[in-house]
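A.B. asks: fold the following for me, if possible:
(chains A and B)
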Amino acid sequence: MTAKINETSLWKEFFKAFFKHRLGVIGLVGVIAIIFVALFAPMIAEPVSGYGDVADILKPPSLKHPFGTDDMGLDIFSQVVWGTRTSLKVGFMTVIIAAMIGIPIGLFSGYFSGLISTLGMGLADIFLTLPVLPLMIIMAALMGPDIKNIALIIGLFSWPQLARITRASTLSVKNMEYVVATRSVGAKTSRILFRHILPNVSASILVNMTIVIATAILTEAGLSFLGLGDPLSYSWGKILENAHQSGAFLSAWWFSFFPSIAIMFFVISFNFLGMGIREGFNPKLRNR
Amino acid sequence: MLGYIFRRLFRGLITLIIAVSITFLILRLMPGDPTTIMLDPRMNEAARQRLLKEFGLTKPLFTQYLLYFKQLLKGDLGYSFIYKTPVSEVILSRLPWTLLLMGLTQIVTMFIGIPLGVFAGYRKGSAWDQLINAFTIFGISVFIPWLGITLLYFFGYRIPIFPIGGAYTPGLNGTELYLNVIKHLVLPVLTLTLIYLANYVLYMRASMVDVLSEDYIRTARAKGANENKVLWKHAVKNALIPTVTMAGLLIGRMVSGAVLTETIFSYPGVGRMIYEAVGQQDYPILQGAFLILALSVIIMNIITDLLYAFLDPRVKLD
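C.D. replies: Next comes the predicted model:
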């Protein structure tokens, strides 16, 4: 019973600190708006594909086409709305894959010292230093353009960041009394790691997950822009690719402007949300 | 110090071996026939069989792995499907442009970003600090192609003071050519600078805030040292150490920015070549580009780390 009360007051404190942080709240509202648009896309805009009306080619924003039309005469607003689904899907799939690889590696290499630790972190460092975009391009070109493949590829290269932060946090709690106590009663290592250490390091992991999602969106847009996007789904990066390839990106500013604003809105929202979560979990940071 | 250099070179070598191994694994473990990646699909069957043997693609996987290393050590990256010339030749003709673009960006970001970060950290909480912070958030959130397109729109199209693409205008010589090359570099470098400046500012600001709360700063102030001296000699020098580490990590990520920027500006570097190779499914080029870029990044990282050793006396003593 007492534990329950403590838990609720902890969350209360978190939300109190979180909602005091203006940027965090803006981020939360932004993320909710993005999820809302993605869920209700069919009610917001009709999907467009193929060729539009010839009379509608490269028309500036109007009441009928609030974001203008592209070189095929297709409504850009609709493409941006439907692109939200792709971005959100890629973002979440990426972060799940990155977490499944990065968190265990971080926990193990933080908890154990010696060879495992050195190997795990060495590999993470190498992944962080190498120019990964060309590598992702090769994989995407070979595996074929599909959202799932793209999310998988981005996820495979996003884990080092999570591994490093998990390791750093694990190092700071592994010698705390409660962990030593659990160890001394003979708890299994996996139990110590996942039941006792993980919940206590989850705050910084959560913050970094929002950053992983934000970065994944930029990478997805980049790959789509380079022509490696899924031809069967809408993507903000692909609208920009069309703008660039058609050569209309200079004369028709709206062609690249609106999808780019969508990307920026998405990335900023998730970054702000992360800042708010960090603030909520650690009020001591407020003065930095 | 010698030991440090040696260890650093060793780590570079390990990184390179891992980069090569990852490439090998990707090429061999991907779904589909690995030969389609090495051999032009338009080749006739007899030639294909002969080359399969020659490349050792009929041998067991581990032998292939060793052969792959041997081939790379000889500088052999295979043949481009499109250019019909060795991949290494194609890439080496493009690499100087990319290195020029990235090197210049690195220098410009350093010279603008570090002072900005020092200033923001020193005047923590001021209006300037908040302005710099807002700008930093923009830097980490903006989509590179759009920034490039926007700069092109304003400074290449609306007010045409800079060229809209390429690296130089053919037919120029001497000083005129140099000026022309610089003119072509302005917008791409500006694009990358606006993006990567944020990293320097953020790091420098955070480490300035840390350093300025240290005891030795208080001591320096207490003994009556001039505030400028405290700031630049005592604080900045120490705050630079984590920033240099970040600069090393940034080089690898800057390659991504270079690929996108070169694509927008039709800049004839490795990045633009990658974009063209994607469209034409020229896998040997893609593979070679990654390996060469990885090698370049590793070398630049070693240089950064030596700079780090120079800054941090603790490394020298070690």
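
A.B. asks: what count of nearby residues applies to the closest residue to chain B within the stretch 151-288 of chain A?
C.D. replies: Here the residue of the stretch 151-288 of chain A nearest chain B is A:S260; by Cβ to the nearest Cβ that distance is 3.5 Å. Just so you know, the C-beta spots here come from the backbone N, C-alpha and C atoms, and that holds for glycine as well. Number of residues near A:S260 (other Cβ atoms under 10 Å in any protein chain shown) recorded here: 24.

A.B. asks: B:N173 now?
C.D. replies: B:N173, neighbours per other Cβ under 10 Å, totals 8.

A.B. asks: for B:P268, same thing?
C.D. replies: Look at B:P268: counted by other Cβ under 10 Å, it has 19 neighbours.

A.B. asks: show me where chain A dips below the pLDDT cut-off.
C.D. replies: Low-confidence segments of chain A, defined by pLDDT under 70: A:1-8, A:283-288.

A.B. asks: rerun at 50
C.D. replies: Judged by pLDDT under 50, chain A has its weakly predicted residues at A:1-2, A:286-288.

A.B. asks: residue closest to the middle of it?
C.D. replies: In chain A, the C-alpha closest to the average C-alpha coordinate belongs to A:I213, at a distance of 0.5 Å (Cα atoms, centre = their mean).

A.B. asks: that older thread, tell me the contacts of the residue of the stretch 151-288 of chain A closest to chain B?
C.D. replies: Applying Cβ atoms under 8 Å, 6 or more residues apart in numbering or on different chains to A:S260 gives the contacts A:W236, A:L240, B:V142, B:F143, B:P145, B:W146, B:I149.

A.B. asks: show me the contacts for A:I150.
C.D. replies: Per Cβ under 8 Å, 6+ apart, neighbours of A:I150: A:V90, A:A140, A:E220, A:L223, A:L228, A:G229, A:D230.

A.B. asks: what about the helices in the chain?
C.D. replies: By default, I'm working from chain A. A:2-20, A:22-39, A:41-44, A:76-111, A:115-129, A:132-143, A:147-156, A:159-173, A:177-184, A:189-191, A:198-223, A:236-246, A:253-281 (DSSP state H).

A.B. asks: ah, no, chain B please
C.D. replies: B:2-29, B:35-38, B:45-54, B:61-73, B:87-122, B:127-141, B:144-152, B:174-212, B:215-222, B:227-229, B:237-264, B:270-280, B:283-311, B:313-317.

A.B. asks: and for the closest residue to chain A within the stretch 101-250 of chain B, nearest residue in space, chain neighbours not counted?
C.D. replies: Using Cβ to the nearest Cβ, the closest approach of the stretch 101-250 of chain B to chain A is made by B:W146 at 3.5 Å. Spatial nearest neighbour of B:W146, chain neighbours left out: A:S260 (3.5 Å); criterion: Cβ to Cβ, 6 or more residues apart in numbering or on different chains.

A.B. asks: one step back: isn't the residue of the stretch 101-250 of chain B closest to chain A right up against A:E241?
C.D. replies: No - assessed by Cβ atoms under 8 Å, B:W146 is found out of contact with A:E241, at 11.8 Å.

A.B. asks: up against chain B, what does the stretch 51-200 of chain A have?
C.D. replies: A:122-123, A:126, A:128-135, A:137-139, A:141-143 (Cβ under 8 Å from any Cβ of the partner chain).

A.B. asks: how does it look with 10 Å?
C.D. replies: Residues of the stretch 51-200 of chain A lying near chain B by Cβ under 10 Å from any Cβ of the partner chain: A:122-123, A:125-144, A:149, A:153.

A.B. asks: can you tell me the closest non-neighbouring residue to B:N199?
C.D. replies: B:L250 (5.6 Å).

A.B. asks: for B:P242, same thing?
C.D. replies: B:S207 (4.8 Å).

A.B. asks: let me see the contact set for that neighbour.
C.D. replies: B:G117, B:V118, B:G121, B:A235, B:V236, B:N238, B:A239, B:L240, B:I241, B:P242, B:T243, B:M246 (Cβ atoms under 10 Å, 6 or more residues apart in numbering or on different chains).

A.B. asks: stretch A:165-180: which residues count as buried?
C.D. replies: A:I165, A:T166, A:R167, A:S169, A:T170, A:L171, A:V173, A:K174, A:V179 (16 or more other Cβ atoms under 10 Å in any protein chain shown).

A.B. asks: kindly export that stretch (C-alpha atoms) in PDB.
C.D. replies: What follows is stretch A:165-180, C-alpha atoms only, in PDB (Å, rounded to 0.1, in the frame of the first residue of the first chain):
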ATOM      1  CA  ILE A 165      23.300   5.900 -22.700                       C
ATOM      2  CA  THR A 166      22.100   2.700 -21.100                       C
ATOM      3  CA  ARG A 167      25.600   1.700 -20.200                       C
ATOM      4  CA  ALA A 168      26.400   5.100 -18.700                       C
ATOM      5  CA  SER A 169      23.300   5.000 -16.500                       C
ATOM      6  CA  THR A 170      23.800   1.300 -15.600                       C
ATOM      7  CA  LEU A 171      27.400   2.100 -14.400                       C
ATOM      8  CA  SER A 172      26.000   4.800 -12.100                       C
ATOM      9  CA  VAL A 173      23.400   2.500 -10.400                       C
ATOM     10  CA  LYS A 174      25.000  -0.900 -10.400                       C
ATOM     11  CA  ASN A 175      26.900  -0.300  -7.100                       C
ATOM     12  CA  MET A 176      23.900   1.200  -5.400                       C
ATOM     13  CA  GLU A 177      22.800  -0.500  -2.200                       C
ATOM     14  CA  TYR A 178      19.600  -1.900  -3.600                       C
ATOM     15  CA  VAL A 179      21.400  -3.600  -6.400                       C
ATOM     16  CA  VAL A 180      24.100  -5.000  -4.000                       C
END
